[in-house]
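Asks: this is the structure alone, sequence omitted:
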C-alpha cells in the first residue's frame with residue numbers, strides 16, 4: 001500500500017498537479033558567491049564561487065540539479081592539518097522522481113550518498129580509515145598505509161568520522177575531501193547545539209544550512225541517492241502527521257563490549273583493538289547495534305521511517321538527521337548504514353534527455369508563515385547578530401532603523417544560511433529597531449557604549 005501511494009502521488013505530480021518537492025525545494029542562485037576562513041584569521045575571505053544551485057531541470061522521470069557544491073555559509077578552517085579549501089565541483093546530480101523501495105540490503109558507499117538542497121554533498125559515517133588486523137594498526141586515509149584488498153573494500157572495523165575527525169570540521173560541521181566540501185551529519189552549526197562540544201565557532205563563526213527549531217517540523221534539507229527526502233531533526237510524533245512535534249531518535253545504540261571480536265549480528269570477524277581510551281566505544285561503526293522499536297519517533301535501520309511530512313501530505317519514506325537530546329549528532333547521522341530505496345549513483349556527467357528548466361522558487365511569504373528569529377546580544381555594543389531558526393529559501397533584506405524611522409544600516413540574510421550581522425560600533429547609544437524590509441518582522445534592540 002505504501003508503494004502504491006508513493007506512485008500515485010508521483011503520477012499526480014507528473015500529470016501537472018504540481019512540480020513536486022524534488023523540483024521546487026532546491027536553493028537556486030546565480031549572483032552570490034561564497035567565503036571561507038583560514039586558520040589565524042577571524043575574517044572571511046571571498047572565494048568568488050557561486051553558492052547553492054545554479055539550475056534545476058526536470059523530465060517525467062528525473063530531476064537534474066546543477067551546482068557548485070559551495071554553501072552560502074562560510075567554510076573552514078579545518079584545524080586537523082587539512083589544507084584543502086572548498087572548490088567548485090561543477091556537479092550535476094540526477095534524482096528519480098518516483099523513488100521505489102529497495103531490498104534494504106544496499107550499503108551506503110564511501111563518498112557522496114546524498115545532496116543537501118544547497119548542492120553540498122552528504123557523506124555517510126565513514127572517513128576511509130579502518131583497522132588492519134594483519135598489522136594491528138589503522139589503515140586508509142591520510143598518513144596511514146592502504147587497507148587490505150582493493151580500494152573501497154569494506155573492512156571489519158571501520159572508523160566513524162564524527163568523533164574521530166572532530167578537529168577537522170568547521171563551525172558548520174563540514175569539511176572538504178580533495179576540494180569537495182561535504183557533511184557527514186546534521187548541517188547545523190556547533191554553537192547552535194544545546195551542549196557545545198567543539199568551540200571552533202568562537203573564532204570562526206558560521207551557521208550552517210539551517211537551525212534546529214524544536215517547535216516546528218524540521219525542513220526538507222536534501223535527497224539521498226535513492227531519491228527519498230532527508231529532513232532535519234524534528235518531525236510529527238506520529239507517522240500520520242499527528243501528535244505534536246518531537247525529536248526523531250536513532251534506533252542504534254552502543255554495544256556493551258570491551259573487546260571487538262564479533263559484529264552485533266554475531267558474525268565472528270577478525271579482531272579489532274580492545275575498547276580503551278584511544279579506541280573508545282563508538283570509534284568504529286561496528287560498535288553500534290540496531291534495536292527495533294514500536295515507537296513512531298524511533299527510526300528504522302536505515303535512519304528513516306514512512307510518514308506524513310509538510311511536503312508529502314500523502315506520505316513518503318523519509319530519512320532524518322538524528323541528534324541526541326543535546327542536539328549533538330547521533331549515529332547513523334543521516335542515511336544508512338544501508339539505503340531504504342533503490343540506489344542509483346546520482347552524480348552524472350551530462351543531461352541526455354529533454355528537460356524543462358524550473359525557474360520558480362519557494363516564496364518568502366511561505367517561509368515567513370513560521371518565522372522565528374532572534375537578535376543577540378541585546379543590548380549590543382559592537383556586533384548585532386540576527387539568527388533565523390529554520391531554513392531560509394529566499395534572501396531576506398533586513399534594516400536597522402532609528403526611532404524616527406530612518407534606515408541606518410542594511411544587511412542581507414542569504415538563502416541557505418541562518419546568520420547575518422550589523423556592525424554597530426559607530427552608532428550612537430540608544431534604542432533601534434531591526435526589521436525585515438517588507439516589515440513582516442521586527443525586533444527592538446538597544447545599542448550601549
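Replies: On my side now, so go ahead. Everything numeric in this text was worked out from a predicted model, so none of it was measured.
Asks: pLDDT-wise, which helix or strand of the chain ranks last?
Replies: helix 364-368 (a mean of 36; mean pLDDT, DSSP states H and E).
Asks: strand partners (parallel or antiparallel) of the helix or strand following that helix?
Replies: Toward the C-terminal end, the helix or strand that comes next after helix 364-368 (DSSP states H and E) is strand 373-376. Based on DSSP bridges, the strands next to strand 373-376 in the sheet, each with its direction, are strand 383-388 (antiparallel).
Asks: next, the buried residues of the strand it pairs with.
Replies: By neighbour count with 16 or more other C-beta atoms under 10 Å, strand 383-388 contains the buried residues 384-388. C-beta: built from backbone N, CA, C; applies to glycine.
Asks: and which of those residues is nearest residue 204?
Replies: When those are compared for distance to residue 204, the smallest value, 14.7 Å, is given by residue 385; criterion: C-beta to C-beta.
Asks: so that closest one touches residue 419, yeah?
Replies: Yes - using C-beta atoms under 8 Å, residue 385 makes contact with residue 419 at a distance of 6.3 Å.
Asks: not counting sequence-adjacent ones, nearest residue to the most centrally placed residue in the chain?
Replies: When the chain is reduced to its mean C-alpha position, the closest residue under C-alpha atoms, centre = their mean turns out to be residue 187, at 3.4 Å. Leaving aside its chain neighbours, residue 187 sits nearest to residue 209 (4.1 Å; criterion: C-beta to C-beta, 6 or more residues apart in numbering).
Asks: what's near enough to touch that neighbour?
Replies: With contacts defined as C-beta atoms under 8 Å, 6 or more residues apart in numbering, residue 209 is in contact with 71, 73, 116-118, 120, 172, 187-188, 221, 391, 416-418.
Asks: most neighbours of all the residues you listed, which one?
Replies: Note: the member of these with the most neighbours is residue 120, at 32 neighbours, neighbours being other C-beta atoms under 10 Å.
Asks: quick one: residues contacting that one.
Replies: Contacts of residue 120 by C-beta under 8 Å, 6+ apart are 69-71, 174, 181-183, 187, 209.
Asks: which SS state does the residue at the greatest distance from the centre of the chain fall under?
Replies: When distances are taken from the C-alpha mean of the chain, residue 404 lies farthest, 41.5 Å away, according to C-alpha atoms, centre = their mean. Using DSSP: H, G, I helix; E, B strand; the rest coil as the criterion, the local structure at residue 404 reads coil.
Asks: and the gap between it and residue 431?
Replies: 11 Å (C-beta to C-beta, to the nearest Å).
Asks: ok, which stretches of the stretch 151-300 of the chain are strands?
Replies: 158-160, 174-177, 180-183, 220-224, 229-231, 234-236, 245-247, 252-254, 288-290 (DSSP state E, counting those that start in this stretch).
Asks: phi and psi next, for residue 22.
Replies: phi -70, psi -10 (degrees, to the nearest 10).
Asks: again, but for the one 10 residues further on
Replies: Here is the backbone geometry of residue 32 (degrees, to the nearest 10): phi -90, psi 140.
Asks: tally of neighbours for it?
Replies: Under the criterion other C-beta under 10 Å, the count of neighbours that residue 32 has is 15.
Asks: with the one 5 residues further on instead?
Replies: The local packing count at residue 37 equals 23, with neighbours defined by other C-beta under 10 Å.
Asks: tell me the buried residues in stretch 301-308?
Replies: For stretch 301-308, burial by neighbour count (16+ other C-beta under 10 Å) applies to 301-305, 307-308.
Asks: right, and residue 47 touches residue 85 too?
Replies: Yes - distance between residue 47 and residue 85: 7.2 Å, which falls inside the contact criterion (C-beta under 8 Å).
Asks: off-centre distance for stretch 165-179?
Replies: Relative to the mean C-alpha coordinate of its chain, stretch 165-179 is positioned 13 Å out (C-alpha atoms, centre = their mean, to the nearest Å).
Asks: burial count for residue 167?
Replies: Residue 167 sits with 13 neighbouring residues when counted by other C-beta under 10 Å.
Asks: and the nearest residue in space to it that is not next to it in sequence, helix, strand or coil?
Replies: The spatial neighbour of residue 167 that comes closest, neighbours along the chain excluded (C-beta to C-beta, 6+ apart), is residue 80 at 4.4 Å. Going by three-state DSSP, the secondary structure assigned to residue 80 is coil.
Asks: dump the residue contacts of residue 80.
Replies: Taking C-beta under 8 Å, 6+ apart as the contact definition, residue 80 lies against 165, 167-168.
Asks: can you check residue 200 too?
Replies: By C-beta under 8 Å, 6+ apart, the contact set of residue 200 is 77, 79, 169-171, 190.
Asks: and the gap between it and residue 142?
Replies: Residue 200 sits 20 Å away from residue 142 when distances are taken as C-beta to C-beta.
Asks: one more: residue 293?
Replies: 38 Å.
Asks: do the same with residue 19
Replies: Taking C-beta to C-beta, one finds residue 19 at 43 Å from residue 142.
Asks: the more surrounded of these two?
Replies: Here residue 19 and residue 142 are set side by side on neighbour count (other C-beta under 10 Å), and the busier one is residue 19, at 18 against 10.
Asks: give me the more crowded residue out of residue 47 and residue 85.
Replies: Neighbour count, other C-beta under 10 Å: between residue 47 and residue 85, residue 47 has more, with 20 against 17.
Asks: distance of the residue nearest to residue 187 from residue 97?
Replies: 23 Å.
Asks: now swap in residue 265 and tell me
Replies: For residue 265 relative to residue 97 (C-beta to C-beta), the value is 35 Å.
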